[in-house]
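Chemist: Predicted model follows, preceded by the sequence.
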Amino acid sequence: MIAASTSAVSSPFTKVAENLYRHTNGNYYALFKKHGKQHRKNLKTPDFATARRRDDERRKIERLATTDARKMPFAEFDESGKLLIGGLAKRWLDTQTHLEPESRVRRLGCITALAPYFDKNVAKITKDDVIRWANIRVADTAARSFNMELETLHLVFDYGMEEPAILLDNPAYRAKIKRRKITQRPPQIPPDA
């Protein structure tokens, strides 16, 4: 019979305050969770006061991203219902400075078409909502339009996961909806009259 080792594995980190750890190299690290996983961020300072201030700044940004922004709608329009004035989709579209004007108009059209199906806070949108949207839209839209809307949905939710850290995961990916195949129609030859 082999005896179990009684020595515990020692960590190079020592807890010095809430969510603040000191490494054996002297630097401080902040402990936080993102996308369901635990992470340590190097605060790049051996000074406790500076580390505390940097951790407080990081936590403030995180709180702003998760409290008020989680109540953000997918898309928000003005009284006429034509002008996009807010929401996660608006924030995403504002970051897309590289888009050509025609592409921007096309994406705005996709957001306008998606908005009625996702009329709640983005944090409450689930994969079931995405599946419900797909089942309705697949029957009454062309393949190209459906694929553009699906791609826009993916891009907006990816933005919500990355930049403002509003979402923990992308419900459009979890729904596993496939793009529709675009079929080519044979050319129409007009009859001789």
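Modeler: Nice, thanks for sending it over.
Chemist: Any idea which helix or strand in this protein has the lowest mean pLDDT?
Modeler: Ranked by mean pLDDT, DSSP states H and E, the weakest helix or strand in the chain is strand 84-86, scoring a mean of 65.
Chemist: The helix or strand that contains residue 29 pairs with which strands, parallel or anti?
Modeler: Assigned by DSSP states H and E, residue 29 belongs to strand 28-34. Using DSSP bridges, the strands paired with strand 28-34 are strand 20-23 (antiparallel), strand 37-42 (antiparallel).
Chemist: Check the residue lying closest to residue 173 once chain neighbours are set aside and give its pLDDT.
Modeler: Computed as CB to CB, 6 or more residues apart in numbering, the closest residue to residue 173 that is not its neighbour in sequence is residue 154, at 6.8 Å. Every C-beta, even on glycine, is put in place using the N, C-alpha and C of the backbone. Confidence at residue 154, expressed as pLDDT, is 88.
Chemist: ok, now the one 5 residues further on?
Modeler: Here, the pLDDT recorded for residue 159 equals 85.
Chemist: quick one: what helix or strand has it in it?
Modeler: helix 143-162.
Chemist: can you list contacts of that helix?
Modeler: Residues outside helix 143-162 that contact it (CB atoms under 8 Å, 6 or more residues apart in numbering): 35, 74, 88-89, 91-92, 95, 106-107, 110-111, 113-114, 122, 130, 133-134, 137-138, 141, 166-173, 177, 179-183.
Chemist: do the same with stretch 31-44
Modeler: 13, 19-21, 27-30, 50-51, 54-55, 58-59, 62, 161, 165, 168-169.
Chemist: can you map out the helices along this structure?
Modeler: Secondary structure of the chain by DSSP state H: the helices cover 48-66, 88-95, 101-114, 127-140, 143-162, 171-174.
Chemist: so which of those comes closest to residue 187?
Modeler: Residue 187 sits nearest to helix 143-162 of all the helices of the chain, at 17.9 Å, using CB to CB.
Chemist: Show me what counts as buried in the closest one.
Modeler: Across helix 143-162, burial judged by 16 or more other CB atoms under 10 Å covers 145-150, 152-157, 159-161.
Chemist: ditto for stretch 42-59
Modeler: 43, 51, 52, 54, 55.
Chemist: and residue 29, what is it in contact with?
Modeler: Applying CB under 8 Å, 6+ apart, the residues near residue 29 are 13, 20, 21, 22, 23, 40, 41, 42, 43.
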